[in-house]
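*Asks:* Below: sequence and its predicted model.
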Amino acid sequence: MQFSDAFRTELSSLMQWRRDVREFKTDPVDEALVDQCLDAFLTAPSVGLSEPWRILRVRSETARENALKNFNTANAQALGGYQGAQKQKYASLKLSGMRDAPVQFAVYCDDSTEQGSGLGATSMPEMRRYSVVCAVFNFWLYCRSLGLGLGWVSILDPDQLNTDLNADPNWSLIGYFCMGWPKNFDDTPALERAEWEQRRGHLIIEDR
């Protein structure tokens with residue numbers, strides 16, 4: 001399969017405009033679009049073809065309230081780790097779209113899966129989790145291509161979330177994801193716009 005220069009330009013643009021969205025409209029997302037985006041998991045690479053991703057759709061009001069409470073608690077604890085101006089800046093950041101996002105998922109890795117017969121994961125079992133992250137990136141890009149936003153929430157207590165969602169004990173949380181129509185898009189990361197940090201702008205490559 002050969003790809004054109006025009007396609008490569010558009011792909012580069014898609015990657016540039018893939019942002020971690022924190023502000024969502026409350027408008028619903030058609031279930032057909034949700035399923036279309038989730039199908040991106042099915043084409044993702046995975047170590048040993050193990051396909052270890054497991055997805056919990058967080059639908060109920062109780063489950064969402066518990067997840068939001070989890071975030072708020074973890075966020076308050078994180079705030080306590082900063083001082084002075086950096087603490088004030090952290091407090092001003094919007095780090096979750098959980099209150100408004102109409103579609104929410106918890107994505108896990110099944111560390112005990114027998115699929116793939118352990119190929120490629122015997123010496124590095126973490127490769128299964130890396131495989132899930134690759135699948136999430138496929139999912140993220142596809143969402144963006146349809147004009148949908150995705151936000152990855154990592155400020156959480158995984159054990160508490162697993163309990164609240166009754167997740168399989170053999171699963172490891174990769175991330176909590178908010179999906180919906182973004183209030184706006186920008187090609188610059190929100191943390192860069194907020195002057196929390198700046199991109200390095202170059203790769204660090206060392207010869208050995």
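*Replies:* Cool, the structure landed.

*Asks:* contacts, neighbours, all on C-alpha from now
*Replies:* Will do.

*Asks:* and the nearest residue in space to residue 139 that is not next to it in sequence, how far is that from residue 205?
*Replies:* Once flanking residues are discounted, residue 139 sits nearest to residue 40: 5.1 Å by CA to CA, 6 or more residues apart in numbering. Relative to residue 205, residue 40 is positioned 31 Å away (CA to CA, to the nearest Å).

*Asks:* On the three-state scheme, residue 107 is what?
*Replies:* Going by DSSP: H, G, I helix; E, B strand; the rest coil, the secondary structure assigned to residue 107 is strand.

*Asks:* Please name the nearest non-neighbouring residue to it.
*Replies:* Take residue 107 and drop its neighbours on the chain: the residue closest to it by CA to CA, 6+ apart is residue 55, 4.7 Å away.

*Asks:* swap in residue 103?
*Replies:* residue 179 (5.0 Å).

*Asks:* quick one, what contacts the residue nearest to residue 139?
*Replies:* Counting by CA atoms under 8 Å, 6 or more residues apart in numbering, residue 40 touches 135, 138-139, 142.

*Asks:* can you tell me which of these lies nearest to residue 5?
*Replies:* Using CA to CA, residue 142 comes nearest to residue 5 of the contacts of residue 40, at 19.8 Å.

*Asks:* so what's that closest one up against?
*Replies:* Residue 142 makes contact with 37, 40 under the criterion CA under 8 Å, 6+ apart.

*Asks:* Can you classify it as helix, strand or coil?
*Replies:* The local conformation at residue 142, judged by three-state DSSP, is helix.

*Asks:* re earlier: could I get the contacting residues of the residue nearest to residue 107?
*Replies:* 105-108.

*Asks:* so which of the residues you listed comes closest to residue 30?
*Replies:* residue 105 (15.5 Å).

*Asks:* What's the local residue count around that closest one?
*Replies:* Using other CA atoms under 10 Å, the number of residues around residue 105 comes to 17.

*Asks:* Return the per-residue confidence for the residue lying closest to it once chain neighbours are set aside.
*Replies:* Residue nearest to residue 105 in three dimensions, not counting chain neighbours: residue 57, with 4.6 Å by CA to CA, 6+ apart. Reported pLDDT at residue 57 in the predicted model: 98.

*Asks:* Assign a three-state SS to residue 172, would you?
*Replies:* Applying three-state DSSP to residue 172 yields a three-state assignment of strand.

*Asks:* now residue 90: how far from residue 187?
*Replies:* Between residue 90 and residue 187 the computed distance is 22 Å (CA to CA).

*Asks:* Who has more neighbours out of those two?
*Replies:* The neighbour comparison of residue 90 against residue 187 (other CA under 10 Å) goes to residue 90, with 18 against 12.

*Asks:* And what about the more buried one, helix, strand or coil?
*Replies:* Put simply, residue 90 is helix when judged by three-state DSSP.

*Asks:* Fine by me, we can end here.
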